[in-house]
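1. Got a predicted structure here, sequence first:
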Amino acid sequence: GGERILAPRPGVLGVVPVRGSLKPELMEPHHDIDAHFKRHERFLVIPCVCKRERELQYGHSCEKPMKRCGFIGLPPQTPLGENVLDREAASKLLDELSQSGHVQLAFYGFTMGAETPQFVGTCNCCSCCCGVLHGQKISGAAEGPQRSNYRAVIDEEKCISCGVCVERCPVDAIFDDESSMKSKVERAKCIGCGVCVIGCASEAIEMVPVSAEEWF
């Protein structure tokens, strides 16, 4: 029944392009992470359940941070603590996670006075441990998370074929094309996370909207 749970857009849990990867004119309320941070002063950030599960199951996990999920807004009077961060600390942590290649699997909801679903929190998933992001690889699921409404496109004239985007892509959707000596995106695999965009020093990659036929 997963396809029925995840079909509404924005969905219960779906990829949202990381901060800085989406042009402002393409921004929708459920993409606007900065607006979410402005709405709250305190944020709950918790350990990643997928990473914890791998440690318990196999005795080890990847080297990426454990505390990386949630970013749920809390009442301003909530005391700061190990898992409760102020706006500045939470925003900084989210940027660090994005820069290190984490995919934002956002969840959406209605906040006071909102007419459409808004960004209310996010898991920040690695390509090593996440059972949702890599459901196909880990458990044989037919689909992973709901993809964003965008796909990465590489400008071959700007591309210097440095290989950074190939290395950063969490779903192996980017490859080096030997015939053109440029990096290319395998569109059917791309989930629209934007991780490649913020890692491209030559600014050769951008996120572009896709048609409804390419939605999850």
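-> In hand now; what should we look at?
2. helices or strands next to the longest helix along the chain in the packing?
-> Identified as the longest helix of the chain according to DSSP state H is helix 87-99. Contacts defined by 3 or more CB pairs under 8 Å, 6 or more residues apart in numbering; DSSP states H and E place helix 87-99 against helix 33-39, strand 42-47, strand 67-74, strand 118-125, helix 195-198. C-betas here are computed from N, CA, C, even on glycine.
3. can you give me how far it is from the chain middle?
-> 13 Å (CA atoms, centre = their mean, to the nearest Å).
4. May I ask which helix or strand of the chain has the lowest mean pLDDT?
-> None of the helices or strands of the chain scores lower by mean pLDDT, DSSP states H and E than helix 2-6, at a mean of 59.
5. what about the next helix or strand after that one, average pLDDT?
-> Using DSSP states H and E, the next helix or strand after helix 2-6 towards the C-terminus is strand 14-15. The pLDDT scores in strand 14-15 average 86.
6. For the most far-flung residue of the chain relative to its centre, which three-state class applies?
-> Distance from the C-alpha centroid of the chain peaks at residue 179, with 31.0 Å (CA atoms, centre = their mean). Put simply, residue 179 is coil when judged by DSSP: H, G, I helix; E, B strand; the rest coil.
7. From here on, call the first residue 59.
-> Sure, I'll start numbering at 59, so the last one becomes residue 237.
8. how near is it to residue 214?
-> Counting by CB to CB, to the nearest Å, the gap from residue 237 to residue 214 is 12 Å.
9. now swap in residue 77 and tell me
-> Residue 77 sits 26 Å away from residue 214, going by CB to CB.
10. Looking at these two, which has the bigger crowd around it?
-> residue 77 (19 against 13; other CB atoms under 10 Å).
11. Is it correct that the more buried one is in contact with residue 91?
-> Yes - Residue 77 is within contact range of residue 91, at 5.6 Å (criterion: CB atoms under 8 Å).
12. Can you pull the residues that touch both of those two?
-> residue 152 (CB atoms under 8 Å, 6 or more residues apart in numbering).
13. For residue 221, which of the helices and strands packed on helix 145-157 is the nearest?
-> Judged by CB to CB, the one of the helices and strands packed on helix 145-157 that comes nearest to residue 221 is helix 253-256, at 11.2 Å.
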